[in-house]
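1. show me how the following folds:
(one chain, ligands or ions: 3)
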Amino acid sequence: MIVMKFGGTSVSDATAIKRSISIISKKLKDKPVIVVSACAKVTDSLYKLINCIETGQKEECQVVVDGLSARHKGIIEECIKAGGYKSEPSTGDIFATIDKICNSLWTLSKAHLNAQIPDSDKAYITSMGEYLSSNIICFMLNTFGISTAWVDARHFMITAKEYMSASPLVDEVAKRADKVISKAYKGYDAVITQGFVGVTIEGDPTVLGRGGSDYSASLLGMVLDADRIEIWTDVDGIRTADPRMVENTRGIKKISYEEAAELARFGAKVLHPLCIEPAATKNIPLYVLNSMNPGGDGTVVLNRSCIFDGIKSVSYNENIRVVSIYSPKMINATGFMSKIFDVFGRHGVSVDMISTSEASVSVTVDAKQPLEEVVADLAQYGKVTVDRDKSQVSIIGKNIIGIKGAFATIFEALSDCKIYMMSQGSSFLNLSLVIDRPEMAAIVRTLHKVFFENGAE
Ligand code: ADP
Ligand code: ASP
Ligand code: MG
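-> Numbering: from 1, shown residues only. Ligands and ions are numbered 1, 2, ... in the order given. Below you'll find the predicted structure:
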């Protein structure tokens, strides 16, 4: 059994979906469990819908809902127009499913217009992209001769109650997934389900957070003991830097679970940071492949013993905040750090880099995390400042401290740049720098050049 996850761009329109179906058709002997994201930009539209509802823009809500209906029906019509199926497909049921989903969005829009939407309803709304995509792709797979069963991820993806960014309850998922998927498989060539979507034990809708379909796929791979997990996306595997930022990137053939997790955590959007751990737990190879170039080299993520030491990639997080707490009381005080981190922990804000001096401590956090309450609470311990104009750049690679000359190369290349904070990850996998945001793109390109271009290794 294998798990194949297709991201938003791999299912964005009729052409992309047909390409993905052709990839699936070559893997049927491996018994694929297909996990899909919403079609590209659909989740963004659903977030927009939430905003329009809460701000009372009734007409705009209607525009968004009608647009989703038209887009998904349009994809089906385009596929059918192109032909290639055995008998004329009937669209009655699938159009009725799309209407049902869109009507439910419209009903919720009217019910909550101009009011705060409860989190479980927000999770319901944002999950509808995956329900739409999984239904239309299932219809198309069957139309093109791959008999495919549709499975509701809410029958097995049990999560805690964080609704919009929920943590799966792994034991509960494990208890249900195998039974649900094996039962669905009987008599079919493949099974399709939704990424990103979850549910509480009580049955309330949740979602796993932005980009969470990778995590759904990897977790499913782990609990089903998959032979491999394939993440199909829009790039030829994990690369030496984000190809949208740097021109001459190279593909990475093999990378360790730890390096891939560090890359994702320190900004590389190609994988969700939490999707590595489930694969690593069962030592399942995780492939990152390009649905636009299925024959191309991808990346395989493996156990560290199969991976050479060395710098693999440069990543970045453009929008970070540096929170600094200055407190003369900290001098010679014990327990100060634990109080500071307790504040971040209580508010669920995760910290990436840390640096301390005698009377102050600075940490970086992703700018998407709300900071107001953290700052208010920290004020009892000292003077708090928040710097909003910084970015973080990281160099990732196994045993980075053992690589002769690596740090000298970095500092020589950046000798004209201001470096505000520096942190060498405790697992010797990364060196991260805080720099001025306007300089970020140039710094990423410079570091890529010195490590991966001009014959550099
Ligand atoms: P999907 O919709 O398939 O989940 P994403 O947009 O989430 O795809 O992730 C793919 C994107 O990740 C690429 O288009 C690329 O811009 C970005 N990316 C960032 N860093 C890297 C990297 N080191 N290697 C490959 N892609 C990267
Ligand atoms: N559709 C969700 C998002 O856009 C989840 C995913 O694509 O992984 O964030
Ligand atoms: Mg993604």
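2. ok, now how distant is residue 367 from ligand 3?
-> 19 Å (Cβ to the ion, to the nearest Å). Backbone N, C-alpha and C define where each C-beta goes, glycine included.
3. mind listing what that residue touches?
-> By Cβ atoms under 8 Å, 6 or more residues apart in numbering, residue 367 lies in contact with 319-321, 388.
4. just the buried members of the residues you listed?
-> Listed as buried from those are 319-321; burial here means 16 or more other Cβ atoms under 10 Å.
5. tell me which helix or strand comes right after the lowest-mean-pLDDT helix or strand in the chain.
-> Within the chain, confidence by mean pLDDT, DSSP states H and E is lowest for strand 421-424 among all helices and strands, at a mean of 89. Note on strand 421-424: by DSSP states H and E, the next helix or strand toward the C-terminus is strand 430-436.
6. so what's the residue count around the residue of the stretch 51-200 of the chain found nearest ligand 2?
-> Residue of the stretch 51-200 of the chain nearest ligand 2, by Cβ to the nearest ligand atom: residue 196 (3.9 Å). Neighbours of residue 196 under the rule other Cβ atoms under 10 Å: 29.
7. what do you get for residue 358?
-> 8.
8. so who does residue 157 touch?
-> Taking Cβ under 8 Å, 6+ apart, one finds 168, 173, 177, 197-199, 208, 216, 219 in contact with residue 157.
9. what's the answer for residue 84, then?
-> So residue 84 contacts residue 144 (Cβ under 8 Å, 6+ apart).
10. near ligand 2, which residues of this protein are found?
-> Counting by Cβ under 6 Å from any ligand atom, the residues of the chain close to ligand 2 are 7-8, 37-38, 43, 129, 195-196, 210-213.
11. again, only using 5 Å
-> 37-38, 43, 196, 210-211, 213 (Cβ under 5 Å from any ligand atom).
12. show only the entries of those residues found in helices.
-> Taking DSSP state H as the definition of helices, the residues of the chain next to ligand 2 contribute 43, 213.
13. export the residues of the chain next to ligand 2 as JSON lines, with columns for pLDDT and distance to residue 57.
-> Formatted as JSON lines, these follow (pLDDT from 0 to 100; distance: Cβ to Cβ, whole Å):
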{"residue": "37", "pLDDT": "98", "distance to residue 57": "26"}
{"residue": "38", "pLDDT": "98", "distance to residue 57": "22"}
{"residue": "43", "pLDDT": "98", "distance to residue 57": "19"}
{"residue": "196", "pLDDT": "98", "distance to residue 57": "25"}
{"residue": "210", "pLDDT": "95", "distance to residue 57": "23"}
{"residue": "211", "pLDDT": "96", "distance to residue 57": "27"}
{"residue": "213", "pLDDT": "98", "distance to residue 57": "28"}
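14. show me which of the residues of the chain next to ligand 2 is closest to residue 247.
-> Among those, residue 211 lies closest to residue 247 (Cβ to Cβ), at 24.5 Å.
15. the closest one reaches residue 272, doesn't it?
-> Yes - with contacts counted by Cβ atoms under 8 Å, residue 211 reaches residue 272, the gap being 4.6 Å.
16. higher neighbour count, those two?
-> residue 272 (24 against 21).
17. okay, the closest residue to the more buried one other than its chain neighbours: pLDDT?
-> Residue nearest to residue 272 in three dimensions, not counting chain neighbours: residue 214, with 3.9 Å by Cβ to Cβ, 6 or more residues apart in numbering. Listed pLDDT for residue 214 reads 98.
18. could you do residue 425 as well?
-> Per the predicted model, pLDDT is 74 at residue 425.
19. now do the contacts for it.
-> With Cβ under 8 Å, 6+ apart, residue 425 has these contacts: 262, 400, 431-432.
20. average pLDDT across stretch 8-24?
-> 97.
21. touching ligand 3 at all, that stretch?
-> No - judged by Cβ under 5 Å from the ion, stretch 8-24 stays clear of ligand 3, getting no closer than 7.1 Å.
22. tell me which residues of that stretch are tucked away?
-> For stretch 8-24, by 16+ other Cβ under 10 Å, it's 8-12, 14, 16-21, 23-24.
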